[in-house]
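1. Next come a sequence and a model predicted from it.
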Amino acid sequence: MSTPAWSQGAERELTERESLEVIGRALRYVRPLWGRFTVKLLYACASLLPLLLLPLPARILIDHVINGVPISPVPERYPVYLHPFLELLADASRAEIAITVGVFSMLLLLLVGGISGSLNDTEPELAQGLDGPSTADNQANDSRSRAGGLLGLFEVRWHLRLTQRLNHLYRAKAFERIQTLPLTRFDDQSIGDALYRVLYDTPAITELAYRFTVTPIVATLHIVLTSYLLSEVYPEAPSLGWLALGVIPVATGIGLPYTRWIRRATERNRVAGASAARSIDEIMSNILAVQSQGGQVRETRRFAEDSWSSFSAWRRLILLFALAYGSAALAGVVVITYVYYQVTDMLFAGVFTAGDIAVLIVYLRQITTSAAGLASLWLRNQNEIATLRRVFWIMDQPGELEPPGLPELPTIRDGVEIEDVDYSFPDGTRALRGISLSARVGQMIGLVGPAGAGKTTLSYLIPRFVDPERGSVRIDGVDLQTVSRASLRSQVAFVFQETVLLDATVEENIRLGKPGASDLEVRRAAETAGAHEFIERLPQGYQTRLGRDGGQLSIGQRQRLSIARALVRQAPILILDEPTSALDPSTERDLVRALLDARRHSLVVVIAHRLSTVRAADQILFVEEGQIRERGTHEELMQRADGGYRHFVELQTRGAA
């Protein structure tokens, strides 16, 4: 399946400067949560302190229990903060020292989950695959701690809440922004892509925010503290810490060339995943058409191709990460091997004891781990940068934004004036040209004409689903560009040609048009739309849940519910696009009668191909090629021997005969 035209711009390769801009934009979402991030930072810093302490019990056991080196006086190369503890063990036997150290280690294990020089990280995660959706669930609920035990438990709970709040904030902003996009912005293919971005791309912000706020501070602090401790306790080997820090420039230099390739591979992977999601959405939304036309095999093959492309793109991304990390790790191994060589050489020279070596190796490993974390910071975030760029791209699309403080449109009392309006679709196709009309509250206006003539686009001018390129649209003399869209649309009820129902009860679907409608108003609207009888036959009547898009109802029943939803609003302007296309003649007559009754307090605009629906309209506009070719009542238009409207009527009459 080809990528939708409106989303192709998001596939352009990111530059380094644009990558930094994405990071900056993402970190702005941290500001409302800075207090929670500060607490998370304090938790992470607190987990560093046990790391400075954990290697020391191993030295005590090796030197003073196994090798029998006396503790009194306190030997060199122990940090000052451990001296009081060692003085308590000065006269203890080897067994007593071993028991005391064992009890102390068990307390550390309970409090921080660490023993013998390392902490047990706490990272609660759900089982996941290698696809975007399942990994996104873990990203959206990410939680971690370098510590275990009680400290790790408290930190994980705090981190989980922080992650969920951040992801909710970002996802809600993205969804809110998408809702401001013009009605014409989404075609059938782009809905699945937008869904993929909101659900599966947005969680990338949690990882990026954590790595660029907490990780640099904690890693740097860890390196500084550990290096200082090494220099104080082991002054004989001042170069060891610097050698371990050599991992940073080596790993950074080797990893940088991969960043561009990883961003590009990430973008392709996300586009492929969105394409698979789009296929599912399109096939499931049109499952009846697929089955009725025997297209299951074709559509299954098409989805299989999209799915395979998605997994192939993911494998290419993983391969690039493996090459990048492998290359950096290989260089790091060289550095660390040399450091270990220096340490063991000092052991054989008698500079260090066996216990010293145990401590040194742990401290050096901690330095190199934090150094590698800093070195790979830019590389590790290329995936998140490319992913978030997709979200920001759609958030940057021009929407129905309007200047703040626009006045509200007063209650509509008179009608609509459209004067000399032109409009073109985003691709440049001319849809309307020179449209002018006047319609009053108390009238029923019919829009008729061939398919693609511009009837629906013309009706979109009234609620400002589209804005004219030239000309003006006024209601009660007020230019619609000067009032808020919300105040305008609150007074316009629109029944779309394609019915849209929520996975909710019948009553809730009708009340969508007017949340505060009484039970009586809901039932009256249903009766007027010809829906009351079939609703009463449903298992729970008005409380029956309809399922996705009203799947258990017929097309005609769904259409009647959409009409009821519009009628319950009792709006000053009522627009119906093909309201009777799926109604039987009897129901159509009842609806037309209701629409004629509704015009007493509303302007009713009806778009119809079945001319019997608009026969009684006060004014009929015959639209062709984006222009109003004819206007008048049914009788007046039928007097035109060569008129387009009369030709339409005759075609339907002959067809009916």
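-> Done, it's in.
2. Quick check: closest non-adjacent residue to the residue located most distally from the centre of the chain.
-> The C-alpha centroid of the chain is most remote from Asp91, which lies 64.1 Å away (CA atoms, centre = their mean). Distances taken as CB to CB, 6 or more residues apart in numbering put Ser72 closest to Asp91, at 7.0 Å, once the chain neighbours are dropped. Yep, even glycine has a C-beta here, placed from its N, CA and C like the rest.
3. what do you get for Asp63?
-> Nearest non-adjacent residue to Asp63 (CB to CB, 6+ apart): Gly355, at 3.7 Å.
4. Could you list which residues are in contact with the one you found?
-> Neighbouring residues of Gly355 by CB atoms under 8 Å, 6 or more residues apart in numbering: 58-64, 67.
5. Adding secondary structure, write those residues out as a markdown table.
-> Shown next, in a markdown table, are the contacts of Gly355 (DSSP: H, G, I helix; E, B strand; the rest coil):
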| residue | secondary structure |
| --- | --- |
| Ala58 | helix |
| Arg59 | helix |
| Ile60 | helix |
| Leu61 | helix |
| Ile62 | helix |
| Asp63 | helix |
| His64 | helix |
| Asn67 | coil |
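6. Just give me the closest of those residues to Ser370.
-> Closest approach to Ser370 among the contacts of Gly355 (CB to CB): Ala58, at 20.2 Å.
7. Count the residues that sit near that closest one.
-> Ala58 has 19 neighbours, counted by other CB atoms under 10 Å.
8. Check Ala616 too.
-> Ala616 is flanked by 15 other residues according to other CB under 10 Å.
9. Which strand or helix spans it?
-> Assigned by DSSP states H and E, Ala616 belongs to neither a helix nor a strand.
10. Please name the nearest non-neighbouring residue to it.
-> Counting by CB to CB, 6+ apart, the residue nearest Ala616 is Leu596, at 6.1 Å.
11. Averaged pLDDT, the one helix or strand that neighbour maps to. What do you get?
-> Assigned by DSSP H and E, Leu596 belongs to helix 585-598. Per-region confidence: helix 585-598 scores 78 on mean pLDDT.
12. what's the next secondary structure element after it?
-> Following helix 585-598 toward the C-terminus (DSSP H and E): strand 603-607.
13. Can you give me the buried ones in that next one?
-> For strand 603-607, the buried set under the neighbour-count rule, 16 or more other CB atoms under 10 Å, comprises 603-607.
14. send the alpha carbons of the helix or strand just after that strand over as PDB?
-> Going down the chain from strand 603-607, the next helix or strand is strand 619-624, by DSSP H and E. The C-alpha coordinates for strand 619-624 follow below in PDB (Å, rounded to 0.1, in the frame of the first residue of the first chain):
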ATOM      1  CA  GLN A 619     -35.700  26.600  -2.900                       C
ATOM      2  CA  ILE A 620     -33.800  24.000  -4.900                       C
ATOM      3  CA  LEU A 621     -30.300  24.700  -6.100                       C
ATOM      4  CA  PHE A 622     -29.100  22.600  -9.000                       C
ATOM      5  CA  VAL A 623     -25.200  22.300  -8.600                       C
ATOM      6  CA  GLU A 624     -23.000  21.200 -11.400                       C
END
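15. Strand 619-624 relative to strand 603-607, how many degrees between them?
-> On the basis of axes from the mean of the first three to the mean of the last three CA atoms, to 10 degrees, strand 619-624 is oriented at 30 degrees to strand 603-607.
16. Paired strands for the next helix or strand after strand 619-624, with orientation please.
-> Where DSSP H and E defines the elements, the next helix or strand beyond strand 619-624 is strand 627-632. Strand 627-632 pairs in its sheet with strand 619-624 (antiparallel), by DSSP bridges.
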